[in-house]
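**Student:** Curious how this folds, go ahead:
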Amino acid sequence: MALVTGAGSGIGRAIAHRLGAGGARVICTDIDLDGAQSIAGEIEEAGGSALAFRMDISCETSVRDTVAGALAETGHLNAVAANAGIMVEGDLLSLSLDDWNRAMAVNATGAFLTARATLPYLIESGGGSLVFTASTVALSGMKGVAAYSASKGAVAALTRQIAADYASRGIRVNAVAPGAVRTPLSESQFRARADTDAEVEALLTAVIQRYPISRWGMPEDIAALVAFLLGRDSGWITGQIIPVDGGLLETR
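**Tutor:** Model prediction:
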């Protein structure tokens with residue numbers, strides 16, 4: 001049994017598809033219930049098994065009650081992809097406190113709440129794997145994303161800490177750190193900065209010129225690594241923050 005947060009779109013959707021295709025029964029959660037139901041339906045149509053639930057990862061009650069309710073129906077849990085998150089742009093002097101708090105509430109506190117709600121079930125199942133979605137900005141600075149960078153840095157630190165605390169209980173904890181991934185969210189951010197489709201494409205092209213593998217990452221690129229880290233073949237890997245970034249961090 002696997003649980004995926006932010007399963008309604010982008011990377012989370014690709015993770016849910018990948019796990020479902022691999023034979024896992026997938027609990028698809030998202031703050032957008034329609035999105036969660038859509039991906040659950042796609043998994044079922046492809047011959048897999050999935051359930052959909054609305055969950056706001058920034059709300060303690062929502063996370064606790066949704067996880068408990070889902071697992072009351074499904075039983076044991078052995079894999080969690082804590083993927084849900086938001087982008088908040090702005091450098092330190094342009095950010096409001098509300099911007100900062102929103103990034104921390106969803107990305108950092110959301111990761112904490114998801115882990116705290118699911119760990120008891122992973123332990124009860126005899127062990128399992130938890131994978132967070134961090135970001136390359138957790139490992140290296142980038143202009144104009146102070147709150148996002150700090151919140152994803154917290155996810156990276158939390159990954160290592162939980163891995164240290166719970167390895168003896170059979171729990172492995174890792175994080176993927178994506179570079180630029182082409183999702184509806186990333187495209188919407190570029191569309192907000194441009195007036196025409198041609199300007200959007202120019203901005204998108206400018207981003208990947210920095211990448212040795214000169215293309216945008218796709219959600220499926222991230223999902224493949226998440227599925228590996230959640231599975232048995234990665235049984236001696238824990239506490240790692242693994243970039244999936246077309247070579248950006250190691251070559252720039």
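**Student:** how long is stretch 84-102 from one end to the other?
**Tutor:** Using CA to CA, to the nearest Å, one end of stretch 84-102 lies 13 Å from the other.
**Student:** can you check stretch 166-180 too?
**Tutor:** Terminal-residue distance, stretch 166-180 (CA to CA): 31 Å.
**Student:** can you map out the helices along the stretch 101-250 of the chain?
**Tutor:** 109-124, 146-166, 184-191, 197-208, 219-230, 248-251 (DSSP state H, counting those that start in this stretch).
**Student:** In terms of mean pLDDT, which of the ones you listed ranks lowest?
**Tutor:** Here those differ in mean pLDDT, and the lowest is helix 184-191 at a mean of 76.
**Student:** buried stuff in that one?
**Tutor:** Within helix 184-191, the residues scored as buried using 16 or more other CB atoms under 10 Å are 186, 190. C-beta: built from backbone N, CA, C; applies to glycine.
**Student:** Give me the helices and strands touching that helix, please.
**Tutor:** Helices and strands touching helix 184-191, by 3 or more CB pairs under 8 Å, 6 or more residues apart in numbering; DSSP states H and E, are helix 197-208.
**Student:** JSON lines please, covering the helices of the stretch 101-250 of the chain and showing distance to residue 241.
**Tutor:** Below are these laid out as JSON lines (distance: least, CB to CB, whole Å):
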{"stretch": "helix 109-124", "distance to residue 241": "13"}
{"stretch": "helix 146-166", "distance to residue 241": "5"}
{"stretch": "helix 184-191", "distance to residue 241": "21"}
{"stretch": "helix 197-208", "distance to residue 241": "22"}
{"stretch": "helix 219-230", "distance to residue 241": "11"}
{"stretch": "helix 248-251", "distance to residue 241": "11"}
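**Student:** With respect to residue 4, which of those helices lies nearest?
**Tutor:** Nearest to residue 4, of all the helices of the stretch 101-250 of the chain, is helix 219-230, at 8.9 Å by CB to CB.
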